[in-house]
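Chemist: show me the folded form of this:
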Amino acid sequence: MPPRSPFYGRLTVRVGAARLAAALPHVPPGARVLDLGCGLTDLPSRLPSYVGCDRSPEILLVQRARFPSAVFFEWDFAESDAPVGLAAQGPFDVVLLLAVLEARGAETLRSSDVYANVVGGVRVGEPGLDLAVALAVAGAHLDRSINADTVVVGEIGLGGEIRQVPGASRRLAEAARLGFRRVIGPPSLPPTPGLTAVPAATLRDALNVALGSRDRQAA
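Modeler: Numbers count the residues shown, from 1 in each chain. As a prediction, this is how the structure comes out:
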């Protein structure tokens, strides 16, 4: 299994919207939060352990003045590696991921309020749902749906790469037992009787195979 990113700790939940009302209910008390593409958010006023990243030095100048106790980095993560010092701020408990979907999947979501709900009220305590949530958000945005016989599994890295998740063999065996016939995930997925693997090395690859090829910027 590929090494885990130094940015990720115990990822309690992945929320899509960087808007205060949408994000706060999903953030556990005391969680350390990494906000990618933070913009002029008010989240630092409610989160004591907050790190924001944005590519605009003008926005960061405003945010540093508004929230002197928060930490901010200038970073266009679609174009460059993480800035020096960011990894030392982690590991993070929560990562706001819509910006990764925008940068690596070429979807425009900044004007949207995004809410994710798990059937039955189940709380997700690990990152295996990353790819499924990203595809669900993109599908809703594009008004397209994933085939009903398809299951999705994978962790999304900050560079848009799709990573293996713990217990993949057990998860896929259960998916096959429930009647799924196809799985979209990282190329390292283990073979599973009854399931056809559709490998996706990057988020862009997964978007194309799950929702149909589109003209997208290179990830």
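Chemist: going forward, measure contacts and count neighbours with C-alpha atoms only.
Modeler: Noted.
Chemist: check what pLDDT the residue nearest to residue 198 when sequence neighbours are not counted gets.
Modeler: Of all residues beyond its chain neighbours, the one nearest residue 198 is residue 184 (4.8 Å), with distances taken as CA to CA, 6 or more residues apart in numbering. Per-residue pLDDT puts residue 184 at 95.
Chemist: got it, and residue 10?
Modeler: On pLDDT, residue 10 comes in at 30.
Chemist: and for the one 10 residues further on?
Modeler: Among the per-residue scores, residue 20 shows a pLDDT of 55.
Chemist: please apply the same query to the one 10 residues further on.
Modeler: The pLDDT attached to residue 30 in the predicted structure is 81.
Chemist: give the contact list for it.
Modeler: With contact set as CA atoms under 8 Å, 6 or more residues apart in numbering, residue 30 has these partners: 47, 48, 49.
Chemist: would you mind measuring from it to residue 69?
Modeler: Separation of residue 30 from residue 69 (CA to CA, to the nearest Å): 15 Å.
Chemist: do the same with residue 83
Modeler: If you measure residue 83 against residue 69 using CA to CA, the figure is 19 Å.
Chemist: who's the closest residue to residue 72 other than its chain neighbours bridged to?
Modeler: Leaving aside its chain neighbours, residue 72 sits nearest to residue 52 (4.7 Å; criterion: CA to CA, 6+ apart). Residues in a beta bridge with residue 52, per DSSP bridges, are residue 35, residue 72.
Chemist: so residue 130 sits in a helix?
Modeler: Yes. Inclusion of residue 130 in a helix is indicated when DSSP: H, G, I helix; E, B strand; the rest coil is applied.
Chemist: right, and it touches residue 154 too?
Modeler: Yes. Here residue 130 reaches residue 154: they are 6.2 Å apart, a contact under CA atoms under 8 Å.
Chemist: just to revisit the earlier point, the residue nearest to residue 72: neighbour count?
Modeler: The tally of other residues near residue 52 (other CA atoms under 10 Å) stands at 25.
Chemist: separation between it and residue 94?
Modeler: When distance is defined by CA to CA, residue 52 is 12 Å away from residue 94.
Chemist: overlap of the contact sets of the two?
Modeler: Overlap of the contact sets of residue 52 and residue 94 (by CA under 8 Å, 6+ apart) consists of residue 34.
Chemist: show me where the protein has its helices.
Modeler: Assigned by DSSP state H, the chain shows helices spanning 20-23, 57-66, 86-89, 98-105, 130-142, 168-177, 203-211.
Chemist: got a list of what the residue nearest to residue 198 touches?
Modeler: Neighbour list for residue 184: 150, 151, 152, 153, 197, 198, 199, 200, 206, 210 [criterion: CA under 8 Å, 6+ apart].
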